[in-house]
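In: quick one: sequence plus predicted model below, questions after.
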Amino acid sequence: MKNIELSFQRLSQDEYQIDNVFQKGAYSWQGDWEGRALLAFVCLFEATGRQIPCMHEMVGLLQEKTNDDLYFGAPFDGITADEQQLSGHSWYLRGLVKYAQNFKSEIAERAMRQTVKKLYLPLLDWYKKYPLGRNAAGGVSGEVVGTVNGWKLSSDVGCAYMCVDGLAHYYAYTKDEECRRFLDGIIDVFTQTDFVKYGFQTHTTLSCLRGILKLYEQTGEKHYLNIVKDKFAIYLRHGMTLTYENYNWFGRMDSWTEPCAVVDSFILATRLYRLTDEAEYLTLARRIWLNGLQFCQRSNGGAGPNTCVTVDQPILKISMYEAPFCCTMRYCEGVLEYCKNRELFAWDGEKQEETDDLGRRFIDDKLLVQCNGHIQPIFACHDIPKDEAKQIELKIIF
């Protein structure tokens, strides 16, 4: 499959080799690049059976590259919680768990346990005073915007809740009940927060929901499923573009899409269909894959943001060719999810055209678009050379 091969080739290049994959000390998203890279490497291994050259070497260097508690950045001082550090280490936990599942690594298990015990578990009271109401004014890569209530805050509003995903996968692997109690405390705060009103980043919201769904898969407790269905429906109403991508923040239709979040929405829709057998989730998963994710991957194998398509702004084009620091790596988990469920996503170009309630026209879940004066089904961006792709403008047909 072309998506998989392109991702593998991209993750085999210089940015993800051992000399570059560990970030410098001044990096303000401690653990984020490293965690996403390790997770992507193992996802590609599961999808292809092939290994990115530095995957094992990276784990072997963790003791040298991390602090005494085997995580990145300064140890928690009991005074200030750094939400970008907490967010980044969710991916670190995900990578460690998936690596340990595949390779039975003692150092990966020790690192994940130390990270949870030393970085996360002391912080429940901090989540009860997480500051709301700030303006999201950051770029594609979030930035520190100040310290309030003991929180070092990011322009990626709400990214402190990203860790629900990493901690839920850690719980699934270890059955650590102290971690479960901590998760329940964070989830209680999250479910009472109006993330649309306060302009949360859609990516962190969706990652949090994936973590809650993971808890449902592990425990069978229906309240987790109900939370996910309820909050995901809010995302679909207020956070999804007309091409099945996302607004980077709730309430910011003038921002850009983010393949990281599109991957999250794809995984949520696919797994909700598998768990509930509700047909609307299958339709949603297909449309996210065929329209959103296929236009996020580039011909070099990377992934990048696009414009937010709305009724008032019906033009889909590239916003940033590639975001190698996040989206390129996250795309790999989307590819793995596709591989596990590929029978759901075949496209039949001979089907009759349909129109939805918004007036969008489809052929078997692919949007019809106008390109260079011609109306046709939307196509994969990775089939288009870079210079040509940067000039593409697709008008969604209503």
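Out: Received the coordinates, thanks.

In: buried residues, stretch 224-235. List them.
Out: Using 16 or more other Cβ atoms under 10 Å as the test for burial, stretch 224-235 gives 224, 225, 227, 228, 229, 231, 232, 235. C-betas here are computed from N, CA, C, even on glycine.

In: contacting residues for the fourth one?
Out: Residue 228 is in contact with 209, 212, 213, 216, 268, 272, counting by Cβ atoms under 8 Å, 6 or more residues apart in numbering.

In: let's see that with 10 Å instead.
Out: Going by Cβ atoms under 10 Å, 6 or more residues apart in numbering, residue 228 touches 208-216, 268, 271-272, 275.

In: assign a three-state SS to it, would you?
Out: helix (DSSP: H, G, I helix; E, B strand; the rest coil).

In: what about stretch 53-73, start to end distance?
Out: One end of stretch 53-73 sits 26 Å from the other (Cα to Cα, to the nearest Å).

In: ok, now stretch 53-70?
Out: With Cα to Cα as the measure, stretch 53-70 spans 23 Å from end to end.

In: ok, stretch 107-122 next?
Out: In stretch 107-122, first residue to last residue: 22 Å (Cα to Cα).

In: in that stretch, what counts as buried?
Out: Buried, per 16+ other Cβ under 10 Å, within stretch 107-122: 107-109, 111-116, 118-121.

In: and it, how far out from the chain middle?
Out: Relative to its chain's centre, stretch 107-122 lies at 22 Å (Cα atoms, centre = their mean, to the nearest Å).

In: quick one: mean pLDDT for that stretch?
Out: Computed over stretch 107-122, the mean pLDDT rounds to 98.

In: out of the contacts of residue 228, the closest to residue 93 would be?
Out: Using Cβ to Cβ, residue 211 comes nearest to residue 93 of the contacts of residue 228, at 10.3 Å.

In: and the closest one, how far is that from residue 236?
Out: According to Cβ to Cβ, to the nearest Å, residue 211 and residue 236 sit 19 Å apart.

In: cool, residue 354 as well?
Out: For residue 354, the distance to residue 236 - Cβ to Cβ - is 19 Å.

In: low-confidence ranges, the stretch 51-200 of the chain, go.
Out: Applying pLDDT under 70 to the stretch 51-200 of the chain flags residues 135-137.

In: heading C-terminal from the lengthiest helix in the chain, find the next helix or strand.
Out: Longest helix in the chain by number of residues (criterion: DSSP state H): helix 83-103. Once helix 83-103 ends, the next helix or strand along the chain (criterion: DSSP states H and E) is helix 106-115.

In: could you turn the buried ones of the contacts of residue 228 into a ChimeraX selection?
Out: With 16+ other Cβ under 10 Å as the criterion, this ChimeraX line picks the buried residues out of these:
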select :208,209,210,211,212,213,214,215,216,268,271,272
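
In: need the contact list for residue 112.
Out: Residues in contact with residue 112, defined by Cβ under 10 Å, 6+ apart, are 70-71, 89, 92-97, 99-100, 105, 166-167, 169-170, 173-174, 176.

In: need the buried ones from the residues you listed selected in ChimeraX.
Out: A single ChimeraX command selects the buried members of those (16+ other Cβ under 10 Å):
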select :70,71,89,92,93,94,95,96,97,99,100,105,166,167,169,170,173,174,176
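
In: now the residue nearest the centre of the chain, nearest residue through space, not along the chain?
Out: Nearest to the geometric centre of the chain sits residue 260, at 3.6 Å (Cα atoms, centre = their mean). Spatial nearest neighbour of residue 260, excluding adjacent residues (Cβ to Cβ, 6 or more residues apart in numbering): residue 330 at 4.2 Å.

In: so the one you found makes contact with residue 11?
Out: No: using Cβ atoms under 10 Å, residue 330 is not in contact with residue 11; the gap is 11.3 Å.

In: that older thread, from the buried residues of stretch 224-235, pick the one nearest residue 27.
Out: Using Cβ to Cβ, residue 235 comes nearest to residue 27 of the buried residues of stretch 224-235, at 29.2 Å.

In: my guess is that closest one contacts residue 246, does it?
Out: Yes: Residue 235 is within contact range of residue 246, at 7.9 Å (criterion: Cβ under 10 Å).

In: find residues that contact each of these two.
Out: Listed as contacting both residue 235 and residue 246 by Cβ under 10 Å, 6+ apart are 202, 205, 206, 261, 264, 265.

In: of those residues, buried ones?
Out: Buried by 16+ other Cβ under 10 Å: 202, 205, 206, 261, 264, 265, out of these.

In: the inter-axis angle of the longest helix of the chain versus helix 106-115?
Out: The directions of helix 83-103 and helix 106-115 differ by 150 degrees, with axes from the mean of the first three to the mean of the last three Cα atoms, to 10 degrees as the criterion.

In: for helix 83-103, packing partners?
Out: The elements that helix 83-103 packs onto, with contact taken as 3 or more Cβ pairs under 10 Å, 6 or more residues apart in numbering; DSSP states H and E, are helix 32-48, helix 55-60, helix 106-115, helix 124-127, strand 151-154, helix 163-174, helix 202-219, helix 327-340.

In: for residue 80, find the nearest of the ones you listed.
Out: Counting by Cβ to Cβ, residue 80 lies closest to strand 151-154 out of the helices and strands packed on helix 83-103; the figure is 5.4 Å.

In: count of neighbours near residue 186?
Out: 24 (other Cβ atoms under 10 Å).

In: contacts only, for it.
Out: By Cβ under 10 Å, 6+ apart, the residues touching residue 186 are 120, 123-124, 126-128, 130, 160-161, 163-164, 167, 208, 211-212.
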